[in-house]
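**Q** take a look and give me a structure for this.
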Amino acid sequence: MKIFIAALIVIVFAQCADHKVKPKIDLNLEDKNLPSQESWNSKILFTESGKLKAVLFSYHIEAFENPKEKKLTGVLIDFYNQEGVKASVLTSKRGRVDDITQNMFAIDSVVAVNDSAGTKLETSELMWRNTDRKITTEKFVTITTNDEIIEGYGFESDQTLQNYVIHNVTYQTTKPNGN
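**A** Numbering: from 1, shown residues only. Coordinates of the predicted model:
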């Protein structure tokens, strides 16, 4: 009887070993669409000659190899002046950093504020150009200062929002009593 049970167990295990389960493979998934790295609640420092120029905070960062870029979710950037003092803040829902040029693109609900000058910029998309530290867009913008509101298309400014130009002004008004 013991030999019969032992033989039965060997037969059952032998049949199980011959029957291999093959996992299903999703052939629609391509490696090039996957990030090479991911991080959450991250901080990236932008420096030049040891001086802090900007600090980028992001809820989620995905790094890609082709094209060489980082996609950002939940963006907040602090920009610093020549003395290393925080000069302005930019926020957006999404963004991306071109790893080759180090240009940063803010996308969706973009707001940039310079508290000391009282300037607030609102737009749908903005680019921070690394080579000259300029903020630019061809999209519709609204600039609100202590004295006026200006709207238009096309914008360029220094990263502190103190010296700016709107290329095609569509609306301008003075605030009553500076409010």
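**Q** how about stretch 63-72: buried residues?
**A** Under the neighbour-count criterion of 16 or more other C-beta atoms under 10 Å, stretch 63-72 has 64, 69, 70, 71, 72 buried. Every residue, glycine included, has its C-beta placed from N, CA and C.
**Q** one more: stretch 35-50?
**A** 44, 46.
**Q** any chance you could list what contacts it?
**A** 52-65, 71, 97, 102, 130 (C-beta atoms under 8 Å, 6 or more residues apart in numbering).
**Q** among the residues you listed, which are in helices?
**A** In helices, defined here by DSSP state H, there are no members of these.
**Q** show me which of those are buried.
**A** 53, 54, 55, 56, 58, 61, 62, 64, 71, 97, 130.
**Q** so which of those sit within strands?
**A** Secondary structure assignment by DSSP state E places 53, 54, 55, 56, 58, 61, 62, 64, 71, 97 of the buried ones among the contacts of stretch 35-50 in strands.
**Q** as CSV, these with pLDDT would be great.
**A** Below are these laid out as CSV (pLDDT from 0 to 100):
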residue, pLDDT
53, 83
54, 85
55, 91
56, 90
58, 95
61, 95
62, 95
64, 91
71, 95
97, 91
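**Q** redo the residues you listed as JSON lines? Include distance to residue 35.
**A** Putting those into JSON lines (distance: C-beta to C-beta, whole Å) gives the following:
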{"residue": "53", "distance to residue 35": "26"}
{"residue": "54", "distance to residue 35": "23"}
{"residue": "55", "distance to residue 35": "22"}
{"residue": "56", "distance to residue 35": "17"}
{"residue": "58", "distance to residue 35": "13"}
{"residue": "61", "distance to residue 35": "9"}
{"residue": "62", "distance to residue 35": "4"}
{"residue": "64", "distance to residue 35": "6"}
{"residue": "71", "distance to residue 35": "8"}
{"residue": "97", "distance to residue 35": "13"}
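**Q** that's all I had, so thanks and see you.
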